[in-house]
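Enquirer: Attaching a predicted model along with its sequence, questions to come.
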Amino acid sequence: MAGVDVTAEIDIGAAPADVAAVMFDPQREPEWVKAVSRVELLDAELRPGARVERHGTLFGREMTWVTEVESVHFPHALSLTIVQGPFLGTLRYDIQRSATGSRARIRSAGDASHFGPLPSAMIAAPLRAALAADLGRLKAIVERTA
């Protein structure tokens, strides 16, 4: 099993609530998460147990995956469990107030054995780069509207 655990973070010049309004809204993910092209809300309310089906491309492969909200503390934390798809694990979004506005962080951890017998480091590095790029797009969106 290829276990992967990566984190990326960025400072955003906006209040945590403004960041969370975009970051915690799955319908906005195609705007800032490159791997996501389309989402289907299986449960509309952002609450524990709510599920979202995502469609997109990851590492050059078309995929569908389903997440379930484990916990939410708006506007500071959202924990998701990936319950169905090629990569099972967790996603955690954290937003903390900072001197410049907010520090946003994404942590992705789980089993990436679906991607073949690659060493974890060969999966972790591109995943970390993708998360950092996603956060850069999130920053641009939030700062443009703040």
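Expert: Arrived safely, thanks for sending. Residues are numbered from 1 along each chain as shown.

Enquirer: longest single strand anywhere in the protein?
Expert: Taking DSSP state E as the criterion, the chain has its longest strand at strand 61-73.

Enquirer: Can you list the buried residues in that strand?
Expert: Buried residues in strand 61-73, defined by neighbour count with 16 or more other CB atoms under 10 Å: W65, V66, T67, E68, V69, V72. Where you see a C-beta, it was placed from the backbone N, CA and C, and this is true even at glycine.

Enquirer: Can you list the strands that it pairs with?
Expert: strand 51-58 (antiparallel), strand 77-84 (antiparallel) (DSSP bridges).

Enquirer: Please spell out which residues along the first one are buried.
Expert: Judged by neighbour count (16+ other CB under 10 Å), strand 51-58 contains these buried residues: R51, V52, E53, R54, G56, L58.

Enquirer: mind checking how far it is from the chain centre?
Expert: 11 Å (CA atoms, centre = their mean, to the nearest Å).

Enquirer: Also stretch 94-103?
Expert: With CA atoms, centre = their mean, you get 17 Å for stretch 94-103.

Enquirer: Please apply the same query to stretch 24-43.
Expert: 9 Å.

Enquirer: and for it, what are the contacting residues?
Expert: 22-23, 46, 49-58, 66, 72, 74-75, 78, 93, 130, 133-134, 137-138, 141 (CB atoms under 8 Å, 6 or more residues apart in numbering).

Enquirer: So what's the model's average confidence on that stretch?
Expert: Average pLDDT, stretch 24-43: 97.

Enquirer: Same question for stretch 72-84.
Expert: According to the model, stretch 72-84 has a mean pLDDT of 97.

Enquirer: Check which residues of that stretch are buried.
Expert: Neighbour counts over stretch 72-84 (16+ other CB under 10 Å) mark V72, P75, H76, A77, L78, S79, L80, T81, I82 as buried.

Enquirer: Could you grab the helix/strand/coil label for the second one?
Expert: Under the three-state scheme (DSSP: H, G, I helix; E, B strand; the rest coil), P75 adopts coil.

Enquirer: Identify the residue spatially nearest to it, adjacent ones excluded.
Expert: A20 (3.5 Å; CB to CB, 6 or more residues apart in numbering).
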